[in-house]
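Trainee: Fold the following for me, if possible:
(one chain, ligands or ions: 1)
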Amino acid sequence: MTEYSGLPEDQPSGVIVVSQSGHLTGEVTVPGAKNSVLKLMAAALLADGVYELSNVPRIDDVDIMSELLTHLGLRIEKIAVPESGEDGQKLRIVNSGNVITVAPFEIADRIRASVNVVGPLLGRFGEVDIALPGGDDFGGRPIDIHLRGLEAMGATFTFTDEGLIGRTTGLQGADITLNFPSVGATENLLMAAVCATGTTRIVNAAREPEIGDLCLMLRSMGAHIEGIGTQQLVIHGVAQASLQSTTHTVVADRVQAATYMSAVAMCGGDVHIKGAVSGHMEMLISRFTDMGMTIAPTTDGVQVYRDGRLSAVDISTLPYPGIATDYKPLLVTMLAVSDGTAVVTENLYPGRFRYIEELRKFGADITIDGHHAVVRGVERLTGAVVHAPDIRAGAALVVAGLAASGMTEIRDIHHIDRGYDDLVGRLARLGASISRVD
Ligand code: UD1
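Mentor: Alright, predicted model coming up:
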């Protein structure tokens, strides 16, 4: 058992070196989802007791969230950490009721999910002081939808030089229509509503599988939630004292699953992606199939096969069940070597094209026009020295390197470590020529 004692002061430095790789074969196991586990950890603020989360990915964002929650008064221990292999770790979270409501600026600033302590802290304690959340830089990432919803429930907010102060004398259930199905806002309002007085209706709620996962954990803690998986969530507030701690298994990471699918797309091959939930990736699988891949659900994952050149298809990102913006760097990378020209439209984060410059270093032919990218497939990419600008784009550059002639070096890999659990080891075990030099 390892008690959580914070991250090292300096980010681990290093590079990933990739050479052109032949067909990938074998099996890879997908770990639990980053975008779920961080919110599940925040939910432990709502009730005292001992929580156990399984299938927790070994990623830096879990460590940063652990550091944040430790400062807020929870105790977090890594238990049953497998020595090696691809099984997720277990996290024990102990909430003994000594929670403080002031989140240190320098930690909250490092990840977007830090904003998800606002809902539970306001809901249970009526107060929160926190920095504005950090995370990947896709241009502006406002939190107005979170705040408007919480205000409708009776919270008031003041902006300070350091961040945000929220107060309430008790949250009341409310009818809240989101003007966009924001993932983070839906999660915050859900957690705030669990022990609010009366019923909260969230209309135009986000429907991502990670939100369903949070609903299931909250339900096992004693929350009354209807409409799980739909655009309308109804939460009947319960007394805080009736909530209890729980055990929960984190849903599989669909973006990591997509990463291994795209690696097979780039190299060719035949790989079983254990743990991937095809029902959470239907639109993406349909696009991959249009591009020429063969993807079939199995009893415990999906089998992915590709031989021959990919075909170009147009792609637009949308909230779930649409194509997730987090898949887009992988898709653009695949399109860079596909037969034909495709238009990729980004509908969530207009600024989320920073990695295109890096892909061009491989010889990719991509032009940007507003929130559209025009990708003209080339026969072959050429190895390059590139910088990971964020988590998903970093992984896409690794995947590009697998299909590029010669050698590729990816720098700034601390971004990749924030969201990927042993990407290098997993790809190497499938036969990729890849190593990490720390
Ligand atoms: C989460 C994911 C991120 C993913 C994104 C969209 C986590 C930690 N991150 O981010 O990986 O890319 O969902 O699937 O789970 N918006 C507002 N006001 C708000 C909130 C959001 O205008 O108050 C806008 C955003 O700028 C963006 C869109 O809504 O254009 C989607 O944001 P949101 O769904 O909230 O994403 P996050 O929860 O931040």
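
Trainee: Let me know the average pLDDT across the strand or helix carrying L397.
Mentor: Using DSSP states H and E, L397 sits within helix 391-402. The predicted model gives helix 391-402 an average pLDDT of 97.

Trainee: and the next element down the chain from it?
Mentor: strand 404-405.

Trainee: Okay, buried residues for whatever helix or strand comes next after that following strand please.
Mentor: Using DSSP H and E, the helix or strand that follows strand 404-405 towards the C-terminus is strand 407-411. Judged by neighbour count using 16 or more other CB atoms under 10 Å, the buried positions of strand 407-411 are 408-411. Backbone N, C-alpha and C define where each C-beta goes, glycine included.

Trainee: related to what we said a few turns ago, buried ones in the helix holding L397?
Mentor: 391-402.

Trainee: give me the subset of the residues you listed touching the ligand.
Mentor: The subset of the buried residues of helix 391-402 within reach of the ligand, by CB under 6 Å from any ligand atom, is empty.

Trainee: now the residues you listed in JSON lines, with distance to L45?
Mentor: JSON lines is the format used below for these (distance: CB to CB, whole Å):
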{"residue": "I391", "distance to L45": "25"}
{"residue": "R392", "distance to L45": "28"}
{"residue": "A393", "distance to L45": "31"}
{"residue": "G394", "distance to L45": "30"}
{"residue": "A395", "distance to L45": "30"}
{"residue": "A396", "distance to L45": "34"}
{"residue": "L397", "distance to L45": "36"}
{"residue": "V398", "distance to L45": "35"}
{"residue": "V399", "distance to L45": "36"}
{"residue": "A400", "distance to L45": "40"}
{"residue": "G401", "distance to L45": "40"}
{"residue": "L402", "distance to L45": "41"}
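
Trainee: quick one: the residue of the chain most remote from its centre and the ligand, what's the gap?
Mentor: Farthest-out residue of the chain from its mean C-alpha position, per CA atoms, centre = their mean: T169, at 32.9 Å. Using CB to the nearest ligand atom, to the nearest Å, T169 is found at 24 Å from the ligand.

Trainee: cool, T289 as well?
Mentor: 22 Å.

Trainee: residues in contact with that residue?
Mentor: I295 (CB atoms under 8 Å, 6 or more residues apart in numbering).

Trainee: and the angle from the lengthiest helix in the chain to helix 391-402?
Mentor: The longest helix of the chain (DSSP state H) is helix 254-267. Orientation check (axes from the mean of the first three to the mean of the last three CA atoms, to 10 degrees): helix 254-267 against helix 391-402 gives 20 degrees.

Trainee: Skip ahead from helix 254-267 and say which helix or strand is next.
Mentor: strand 269-274.

Trainee: I'd like the buried residues of strand 407-411 laid out as a markdown table, including distance to the ligand.
Mentor: Output for these, formatted as a markdown table (distance: CB to the nearest ligand atom, whole Å):
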| residue | distance to the ligand |
| --- | --- |
| T408 | 25 |
| E409 | 26 |
| I410 | 20 |
| R411 | 22 |
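
Trainee: And the helices in the stretch 101-250 of the chain?
Mentor: Using DSSP state H, counting those that start in this stretch, the helices of the stretch 101-250 of the chain run over residues 105-108, 118-125, 144-152, 183-193, 209-220.
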